[in-house]
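1. Have a look; sequence and predicted model below, questions after that.
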Amino acid sequence: MDTDNQLRLLKYQVNKIRFDLNETYDFKTIKKINIKPDFSRRLKKIDDDKFAVELSVAIIGKDEELPFSIEIAVTGVFALKGFEQPARHLVARTQAVIILFPYLRSLLTLVTANTNLPPYILPVMNIAKMFEDREKELRQTKTTTVN
C-alpha cells in the first residue's frame with residue numbers, strides 16, 4: 001500500500017473546551033431556541049509532508065437567547081507527501097476537516113449532555129462544502145467590492 005499518496009491522521013488532540021451556563025436563561029419556560037454554530041478552521045504547515053488542521057465551533061448566545069455558550073477546538077496532525085501542491089492542498093484541507101468533524105461533533109454532544117441540560121447534537125452536515133461555499137462567497141464579495 002502506497003502511504004505517500006494517502007492522507008493519514010497521525011494524531012488528534014482537544015485544544016479547547018469552554019462551557020458557560022447562562023444563569024439568566026429562563027429554564028422553566030419550554031421554548032424553541034435557534035442555535036447557530038460558528039465553525040472555523042486553520043491549516044498550519046509542520047514540514048513538507050505534515051500539516052495540522054484546527055477545527056473549531058463556537059455557539060455564543062446573547063443575554064437570555066441561549067441556555068449556554070460553548071467553544072470547542074480540536075487539532076489533527078496529518079501526513080500527505082507534497083500536500084502544498086495545488087491539487088493536493090485542496091484535497092488535504094478538505095479531507096482533514098471531514099476527518100475531524102465527527103470528533104468535534106461527538107465532543108460537543110458529550111459536553112452538553114454532562115451539564116444536566118438536554119444534549120445538543122450538531123446535525124450531520126457536509127462541513128467541507130460549508131467552508132467551500134463560505135470561501136466562494138468571500139471571493140465574490142471581494143470581486144464585487146473591488147470592481
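-> Received it, and whenever you're ready, just let me know what you need.

2. what about A73, is that helix, strand or coil?
-> Secondary structure state of A73, per DSSP: H, G, I helix; E, B strand; the rest coil, is strand.

3. Would you agree it is in contact with L55?
-> Yes. Under the criterion of C-beta atoms under 8 Å, A73 makes contact with L55 at 7.2 Å. C-beta here means a position set from N, CA and C on the backbone, and glycine is covered the same way.

4. more neighbours, the two?
-> For A73 versus L55, neighbours defined as other C-beta atoms under 10 Å are more numerous around L55 (24 against 20).

5. wait, the more buried one sits on R41?
-> Yes. Counting by C-beta under 8 Å, L55 sits close enough to R41 to count as a contact (5.2 Å).

6. Name the residues contacting each of these two.
-> V97 (C-beta atoms under 8 Å, 6 or more residues apart in numbering).

7. where does the chain have low pLDDT?
-> Residue ranges of the chain with pLDDT under 70: 1-4, 63-64, 143-147.

8. Scan it for its longest strand.
-> Identified as the longest strand of the chain according to DSSP state E is strand 8-21.

9. Strand partners (parallel or antiparallel) of that one?
-> Sheet pairing of strand 8-21 (DSSP bridges) gives strand 68-79 (antiparallel).

10. Please, where are all the strands along the chain?
-> Under DSSP E, the chain gives strands at 8-21, 38-47, 50-59, 68-79.

11. relative to strand 50-59, how tilted is the last one?
-> In terms of direction (axes from the mean of the first three to the mean of the last three C-alpha atoms, to 10 degrees), strand 68-79 departs from strand 50-59 by 170 degrees.

12. With just CA atoms, put strand 68-79 into CSV.
-> C-alpha atoms of strand 68-79 as CSV (Å, rounded to 0.1, in the frame of the first residue of the first chain):
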residue,chain,number,x,y,z
PHE,A,68,-25.3,28.1,27.3
SER,A,69,-22.3,29.3,25.3
ILE,A,70,-19.7,26.8,24.3
GLU,A,71,-16.4,26.8,22.4
ILE,A,72,-14.6,23.7,21.3
ALA,A,73,-11.4,23.3,19.2
VAL,A,74,-9.7,20.1,18.1
THR,A,75,-6.5,19.7,16.1
GLY,A,76,-5.4,16.9,13.8
VAL,A,77,-1.9,16.3,12.6
PHE,A,78,-1.9,14.8,9.1
ALA,A,79,0.7,13.4,6.7
